[in-house]
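S.K.: pasted the sequence and its predicted model underneath.
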Amino acid sequence: MTTPRRPFREFDDAYDVESLRLARRVIRGLTMSMRHIVLAPGSRSAPMAYALREAEELGAITVHVRIDERSAAFTALGIAMATKSPAGIVTTSGTAAGNLLPAMMEADLSGIPLVAITADRPEELHGTGANQTTWQQGMFAGRVRDEIHLEQGEARLEPESRDDMLAAETQVGLLLRVATGSAPGPVHLNIGFRDPLVPSAPGEGHQGGAQRWARTPFLPRSRGTDSAEQLRAEIIGSEIMGEEPQQGRAAQTTPESAESAAESAAESPAAAAARFEAGLGVARTVFVMGADAPAEARELARRLGHPLLAEPSSDARWSDLGTIQGYRLILQAPEGSPASVLAGSVERVVVAGRPTLTRPVQQLINRDDVEAVQYAPGGEAWFDHRLARRQLPDVLTLAQFAKMAPPGWHDSWTERGLGAQRLIDAALTEQEALAQGELSSVRVAQFVAETVKTPLLLGSSSVIRDVDLAAVLNRTVLGTRDDTRRVYAMRGLAGIDGNLSAASGIALAHNTRVTALVGDLTFLHDVNALLLPATEREPDLDIVVVNDSGGAIFDQLEHGAVGRREGQAEAVERFFGTPQTVDIEALADAYGHDYHYAEDLDSLGEGLGGLEDRVGIRIIEVRTDRTALRDFHARLRAAAAEL
């Protein structure tokens, strides 16, 4: 019997330099589950660049080139966020690799499969003072799910057997399996390349032999484990060894199991669900939905009749789900008000995802008279087991904890939420009258979030909190519900770096226009996202910049109160407000991108319209006054007594 040839041993490149041969096999392993890779230029990583060109020409992968490594890493992060699949970032050695750290930190706590691929000097050059040489192995320790080092000359290019776990492409494939396992997250591949780093010149060897980059996975599908050792053991005896999958194996049937199956078949699913729910009991529970909350948690809340307090990036904030509007106002209503009494009657809290936006929510979760749990079917990278709340792994256990809502529980929250929304809208109208029509950042955030129909990335700091406070998010457009509309935010570490780059990655992944709503400091912090090589496709991206000349969020924190003390205003403005006077129109022109200034909501709507006629990046600037926010929020807190 002839053993079938392995589908991933199709290289005819024995003529070429070893660095290129290793790079091809690395990329062959990557393309088993990766479709996008971002590359920053460098000499030590040149073998990867040449091999990526071959792979892209054959349709195995899409390559995006960026000049700034930090921006490149966040671009890859955005791609991985959008696709929920691995995306890679390739850099040369030295500080280039160090620039990946912020994106790797965000990917770690957000559970995003970002793959850092760093070229390194060979081991014999370490400790010799060689240029651009540092110890890169383990540089992301504590931030990655797994990491491997491949050293040219030691890495096995051709598997010695079908269960050879040391072959380079097999190791890379296993690494990506870890990145997308039951606890997804970033991984690190470090590769020591030796000279020569360029392909063989014509005439130096065999000139034929096109590379084949098959896209059929050679690794078995995930079976619920993310341990690298278990994965390697699991592969032994499976598809990689050429065995046919088991088909149609009949389950053993006993008289007892047959009787149980007959009883189950006699009861309809609806009747079984009703019987289960009737035995749950009753509790006044609220579901707090943070970033990337599992969808099954929101569906369970609706079925049991509990209110949803949902952040914008939870994918549960949509109005058609009955989420509670203005929930922050309810939670911080003055003691003795009807809203305060309602919030005080909460007995249990289910936390799904990671809520990070408001202190009133954290105070609710941490109340001594409230029992709180974390719904985490796959675990949470950020979860500290010192937290008082325990983790629940499945919907059945979650339902038993949450119980059924008492009559009128959801209606009471809905009524207060609608009242809170009316107060917010009235306060915004009053603010505009006092400011003689000048827009506030909250109104801009509300308008953009409620108007755009594209995927939306919300910048960290004030912008996402303004949307959380005031916006009514709707998936229904002209009577048709768009389940593909998404609101993205980087809430792992909630930094202001990389937001524009991540938005461009989302646009590249979706191949559609994306809107990014950011503050001026967030915009300026990642302005190199606008720097694209002339050879690269420009992402379709609208960037709305709420320019209040500095950091507005600090005035809403304790520092705002300090700034109102005698003699402290100048220090707080200097060290926290950090005012800036950048000409954003000139900046857009310098980078070669379209610019639109919006002086009112009509002009802002015009800037966001006409999507079918626009390609590339457009920067839309709206100027606001952050000093007026203090009075707006004070009036809003006072008005909450009416709830």
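M.R.: In hand now; what should we look at?
S.K.: run a quick neighbour tally on Q568.
M.R.: Here the number of neighbours of Q568 (other Cβ atoms under 10 Å) works out to 13. Where you see a C-beta, it was placed from the backbone N, CA and C, and this is true even at glycine.
S.K.: tell me which helix or strand in this structure has the weakest average pLDDT.
M.R.: helix 228-235 (a mean of 40; mean pLDDT, DSSP states H and E).
S.K.: where does the stretch 151-300 of the chain dip in pLDDT?
M.R.: For the stretch 151-300 of the chain, the stretches with pLDDT under 70 are 160-165, 202-278.
S.K.: so what's L100 closest to, chain neighbours aside?
M.R.: With Cβ to Cβ, 6 or more residues apart in numbering as the measure, A73 is the residue that lies nearest to L100, at 4.5 Å, once sequence neighbours are left out.
S.K.: what's near enough to touch I324?
M.R.: Applying Cβ atoms under 8 Å, 6 or more residues apart in numbering to I324 gives the contacts P307, L308, L309, A310, I330, W413, T414, R416, G417.
S.K.: against I617, how distant is the residue nearest the centre of the chain?
M.R.: Residue closest to the mean C-alpha point of the chain, counted by Cα atoms, centre = their mean, is M81 at 4.1 Å. Taking Cβ to Cβ, to the nearest Å as the criterion, M81 is separated from I617 by 19 Å.
S.K.: could you list the buried residues of the lengthiest helix in the chain?
M.R.: Longest helix in the chain by number of residues (criterion: DSSP state H): helix 409-434. Burial within helix 409-434, assessed by neighbour count using 16 or more other Cβ atoms under 10 Å, is assigned to 409-410, 412-413, 415-417, 419-421, 423-424, 427-428, 431-432.
S.K.: just stretch 344-352 next, same as before
M.R.: Under the neighbour-count criterion of 16+ other Cβ under 10 Å, stretch 344-352 has V346, R348, V349, V350, V351, A352 buried.
S.K.: same question for stretch 636-643.
M.R.: L636, A639, A640, L643.
S.K.: ditto for stretch 356-374
M.R.: Within stretch 356-374, the residues that qualify as buried are T356, L357, T358, P360, V361, L364, I365, V370, E371, A372, V373, Q374, counting by 16+ other Cβ under 10 Å.
S.K.: helix, strand, or coil at the fifth one?
M.R.: Classification of V361 into helix, strand or coil gives helix, according to DSSP: H, G, I helix; E, B strand; the rest coil.
S.K.: excluding its backbone neighbours, what's nearest it?
M.R.: According to Cβ to Cβ, 6+ apart, the nearest residue to V361 is P355 (5.3 Å).
S.K.: contacting residues around that neighbour?
M.R.: Residues in contact with P355, defined by Cβ under 8 Å, 6+ apart, are V288, M289, G290, A291, E311, V361, Q362, I365.
S.K.: that one and Q332, how far apart?
M.R.: Looking at P355 against Q332, where the rule is Cβ to Cβ, the gap reads 15 Å.
S.K.: repeat for E124
M.R.: 62 Å.
S.K.: who has more neighbours, the two?
M.R.: Neighbour comparison, E124 and Q332: the larger count goes to Q332, with 18 against 10 (by other Cβ under 10 Å).
S.K.: what is the neighbour count of S319?
M.R.: Residues within reach of S319, counting by other Cβ under 10 Å, total 14.
S.K.: same check, this time on the one 10 residues further on
M.R.: The tally of other residues near L329 (other Cβ under 10 Å) stands at 24.
S.K.: any idea which element it lies in?
M.R.: Counting by DSSP states H and E, the element that carries L329 is helix 327-331.
S.K.: now do the contacts for G281.
M.R.: Counting by Cβ under 8 Å, 6+ apart, G281 makes contact with K403, M404.
S.K.: which residues does the closest residue to A297 other than its chain neighbours bridge with?
M.R.: Using Cβ to Cβ, 6+ apart and skipping the chain neighbours, the partner closest in space to A297 is A352 (3.8 Å). Going by DSSP bridges, A352 is paired in beta bridges with M289, Y375.
S.K.: return the distance of A352 relative to G185.
M.R.: Here the criterion is Cβ to Cβ. By it, A352 lies 19 Å from G185.
S.K.: rewinding a little: elements contacting the longest helix of the chain?
M.R.: helix 327-331, helix 338-344, helix 441-451, helix 462-470, helix 629-639 (3 or more Cβ pairs under 8 Å, 6 or more residues apart in numbering; DSSP states H and E).
S.K.: now those helices as JSON lines including distance to A119 and mean pLDDT?
M.R.: Rendered in JSON lines, the data for those read as follows (distance: least, Cβ to Cβ, whole Å; pLDDT from 0 to 100):
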{"stretch": "helix 327-331", "distance to A119": "47", "mean pLDDT": "96"}
{"stretch": "helix 338-344", "distance to A119": "55", "mean pLDDT": "96"}
{"stretch": "helix 441-451", "distance to A119": "41", "mean pLDDT": "96"}
{"stretch": "helix 462-470", "distance to A119": "36", "mean pLDDT": "95"}
{"stretch": "helix 629-639", "distance to A119": "47", "mean pLDDT": "86"}
